[in-house]
Structures are given as structure tokens and as C-alpha cells.
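Enquirer: Build me a model:
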Amino acid sequence: MRRGRMRRRGGGDEDADINLTPMLDVVFIMLIFFIVTATFIKQAGIEVARPEALTAEQKPTVAMLIAIAPNGDIWIDKKRVDPATVRAHIERLHSENPKGGLVVQADKDSTNEKLMAVLSAARAAGLREVAISTEKN
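Expert: Coordinates of the predicted model:
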């Protein structure tokens, strides 16, 4: 008889459920935060054999990466680019991330003419922080 009269204190099964909505909200907001603040590895699109230098040092902030192939092709964002449109590409990338600089990866067999064209386009686009990528000797 006593078994039928016994009741649980606290109201039943409704209080036993855990509300996960606030935790899911926090996890979702953290995910968005990490996606927005993540830095992605920039790639020019081709591998180049960089020249060696004794005074090579690593740049902390790189927003743009341009590669010059041994045959003189210019690569930006994994796409071959016409030399006449390099300045427009640099301006677009600089507007996306104005704090970062430009790094030019010129192959050691490429001509100075293409390198100077890229550097002139960067200067015309208003960039002052330009570096040439080398291998540490």
C-alpha cells in the first residue's frame, strides 16, 4: 500500500531534462569567432626555386603572395595573371587586408624584368611594405 502513495519530490520527469540550448548557442558563437579570426595560409599557386640570401628573415604578416615562374608567368591566388592586370589584383587584395604586406616569390631563373613589373605595380597600388622571398643560406 505504501508504494502507491509514494511520490517523488521535485515535480517529476520535467525537471530531469537538461536544457542544451544555451550551451549550443555558446558553441556556435565560438565557432563563428574562430572562423572569422582565423588566418589562412596564402599560396601563390606554383612552387618556385627561390634564390639564396644571407640576410633572409621571416615576415610576420603576409596578406598577398605573388609568384613569378621561371618562364616569366605571374601567379596570384593559384591563377596565372596577365602582367597588365597585376596592379588591379594587388589593389583588390590590399583592400581585403590593408595591414598585411606583399611578398614576391621570384624563381631564381626568372628575369628581373618581371620582378620589376610586379614591384612597380605594387608601388603604383600604394603598397610600401614589399619583400622578396628567399631561401636562408
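
Enquirer: Please state the offset of the helix or strand where residue 121 lies from the chain centre?
Expert: Under the criterion DSSP states H and E, the helix or strand holding residue 121 is helix 112-124. In terms of CA atoms, centre = their mean, to the nearest Å, the centre of helix 112-124 is set 23 Å apart from its chain centre.

Enquirer: Residues contacting that helix, please?
Expert: Applying CB atoms under 8 Å, 6 or more residues apart in numbering, the external contacts of helix 112-124 come out as 66, 68, 72, 74, 83, 86-87, 90, 102, 104, 106, 130, 132. Glycine gets a C-beta too; all of them are placed from N, C-alpha and C.

Enquirer: Narrow those residues to those in strands?
Expert: 66, 68, 74, 102, 104, 106, 130, 132 (DSSP state E).

Enquirer: Going by distance to residue 53, which of these wins?
Expert: residue 132 (8.6 Å; CB to CB).

Enquirer: about what we covered before: which of the ones in strands among the contacts of helix 112-124 has the most neighbours?
Expert: residue 66 (28 neighbours; other CB atoms under 10 Å).

Enquirer: That residue contacts residue 103, doesn't it?
Expert: Yes. Counting by CB atoms under 8 Å, residue 66 does reach residue 103; the two are 7.4 Å apart.
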